[in-house]
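> what shape does this take:
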Amino acid sequence: METLAEFSLRRPASVAEATRLLATPGARALAGGTDLVVNLRRGLEKPAMLVDLAGVPELDALSWSDAGCEIGACVTLARLARDARVRKELPVLAQAAQSVAAPTHRSAATLGGNLCLDTRCVYYNQSEGWRRSNGYCLKRGGETCHVAPRGKRCHAAFSGDVAPALLALEAKVELASPAGGRKIPLAELYRDDGATHLALAPGEFILCVLAPRPALGVHTAYRKVRQRGSIDFPLAGVAVALACAHGRLEELRIALTGTNPRPLLLSGTEELLGKQVDESLLARIAKLVQKQTSPVRTTLVQANYRRQVAAVTAQRLVKELSAL
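Purely as a prediction, here's the structure:
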């Protein structure tokens, strides 16, 4: 770990004050810090100012309405994982939150932080000395992506667990910035570029997430595959929302993490609606996953293994949920 670079720390008490501070060049939002502080220690980030959002009451709110659940960006993952109503009505979200790292991490890590998690790669998440000896990389300080040297695109993978759960729920995010607020589908928060995977304007930050309550008969779940039973980021994570009637699909959404530079909502699933959930349909799901995921050697595990794991996990979840 490196010695931390000099920075100023500000603690706003309102959204308006936070918005003003984050408009300052070189400012970065700080919530739980479980990702950002590690990057600071490794010299990957050197912001001039950290804006601690923990003292903004609106960002720590969790409320329900007929439309669903509104969750502040600073609500911790531990709170989401243990909240009785979230567990009952949005089980995919509670399961995803519960799967993140370890209890001590979840007690500090926030919803907004997990959605804005930095992308990861074995050539990027290293010490300054290690990266310098390798000529840095395309994501930070260099000109070459070491996992795909002939290209000019960063392949670092997004590994947040909560994003696919919220994609499966068709969630929206509310953003704040000096230019004003806006609401967008969660999918529009991300770009397919490991170096600049967030489509946030300068100074823009997440206020809250709007997670719709699934329709009657829709079942949801999240499953994560990792090298160890805790701590680790996903080799592949899959969220599914589906409804079945008489063994035939009426609704299906599948979202993935850990395989691409952004969380991925699988396309082409609408062509499966009305089909019987059988081995033929499960094979088609596996082909969709394998075609749309693009893992490369950004972890210590072979890329094709992660692609196969994602496909099999999606098949198993669809099969299990269709039997409920």
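> may I have the residues that are in contact with T220?
The contact partners of T220, by Cβ atoms under 8 Å, 6 or more residues apart in numbering, come to L90, P91, V92, A165, A168, L169, P214, A239, V240, A241, L242, L321. C-beta coordinates here come from the backbone N, C-alpha and C atoms, glycine included.
> and of these, the nearest to C69?
For the contacts of T220, the closest approach to C69 (Cβ to Cβ) belongs to L90, at 6.3 Å.
> these two touch, right, the closest one and I71?
No. Contact between L90 and I71 fails when scored by Cβ atoms under 8 Å: they sit 9.4 Å apart.
> of the two, who's got more company?
Legend: neighbour count by other Cβ atoms under 10 Å for L90 and I71, higher for I71 (30 against 26).
> gap between the two ends of stretch 97-115?
When the termini of stretch 97-115 are compared using Cα to Cα, to the nearest Å, they are 11 Å apart.
> to clarify, my last question referred to stretch 222-240.
Start and end residues of stretch 222-240 are separated by 7 Å (Cα to Cα).
> just stretch 193-200 next, same as before
In stretch 193-200, first residue to last residue: 13 Å (Cα to Cα).
> contact partners of that stretch?
Around stretch 193-200, the neighbours that count as contacts under Cβ under 8 Å, 6+ apart are 116, 119, 121, 138-140, 153-158, 175, 188-191, 261-262.
> let me have the contacts of T220 in CSV, extended by distance to E204 and pLDDT.
Shown next, in CSV, are these (distance: Cβ to Cβ, whole Å; pLDDT from 0 to 100):
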residue, distance to E204, pLDDT
L90, 26, 98
P91, 30, 98
V92, 27, 98
A165, 23, 98
A168, 25, 98
L169, 22, 98
P214, 29, 97
A239, 25, 99
V240, 30, 98
A241, 28, 98
L242, 33, 98
L321, 35, 98
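> now, which of these lie within helices?
For the contacts of T220, the ones inside helices are P91, V92, A165, A168, L321, with DSSP state H as the criterion.
> which two from these end up farthest apart in space?
Across these, the longest distance by Cβ to Cβ is 13.6 Å; it joins A165 and L321.
> okay, these two: which has more neighbours?
Ranked by neighbour count (other Cβ under 10 Å), A165 and L321 place A165 first, with 32 against 20.
> now do the strands in the stretch 101-250 of the chain.
Ranges of strands in the stretch 101-250 of the chain, per DSSP state E, counting those that start in this stretch, are 172-176, 182-185, 205-212, 219-225, 236-245, 248-257.
> deepest-packed of those strands, please.
Mean neighbour count (mean count of other Cβ atoms under 10 Å) peaks for strand 236-245 among the strands of the stretch 101-250 of the chain, with a mean of 25.
> show me what that one is packed against.
Where contact means 3 or more Cβ pairs under 8 Å, 6 or more residues apart in numbering; DSSP states H and E, strand 236-245 is packed against helix 91-98, helix 162-168, strand 219-225, strand 248-257, helix 303-322.
> can you tell me which residues contact A176?
Going by Cβ under 8 Å, 6+ apart, the list of residues near A176 reads V15, A18, T19, E204, F205, L207.
> cool, E270 as well?
Neighbour list for E270: L252 [criterion: Cβ under 8 Å, 6+ apart].
> A helix includes it, no?
Yes. Under DSSP: H, G, I helix; E, B strand; the rest coil, E270 sits within a helix.
> look up the closest residue to L111, ignoring the ones flanking it.
Spatial nearest neighbour of L111, excluding adjacent residues (Cβ to Cβ, 6 or more residues apart in numbering): V75 at 5.1 Å.
> count the residues that sit near the one you found.
Neighbours around V75, by other Cβ under 10 Å: 23.
> from what I can see it touches T110, true?
Yes. With contacts counted by Cβ under 8 Å, V75 reaches T110, the gap being 6.5 Å.
> re earlier: which among the helices and strands packed on strand 236-245 is found nearest to R284?
So among those, helix 303-322 is nearest, using Cβ to Cβ, at 9.9 Å.
> packing partners of that closest one?
Short answer (3+ Cβ pairs under 8 Å, 6+ apart): helix 303-322 packs on strand 219-225, strand 236-245, strand 248-257, helix 279-292.
> return the distance of it from the chain's centre.
18 Å (Cα atoms, centre = their mean, to the nearest Å).
> what residues of that helix count as buried?
By 16 or more other Cβ atoms under 10 Å, the buried positions in helix 303-322 come out as 303, 306-315, 317-319, 321-322.
> what about the helices in the stretch 1-150 of the chain?
Under the criterion DSSP state H, counting those that start in this stretch, helices of the stretch 1-150 of the chain are mapped to 15-22, 36-41, 77-82, 84-89, 91-98, 103-108, 111-115, 128-133.
> what is the mean pLDDT for the second one?
Averaged over helix 36-41, pLDDT sits at 94.
> got the contact list for it?
With Cβ under 8 Å, 6+ apart, helix 36-41 has contacts from M1, E2, L4, A5, R28, L30, E45, K46, P47, G113, D118.
> can I get the buried ones among the residues you listed as something I can paste into ChimeraX?
Burial among the contacts of helix 36-41 is assessed by 16+ other Cβ under 10 Å; the matching ChimeraX selection reads:
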select :28,30,45,47,113,118
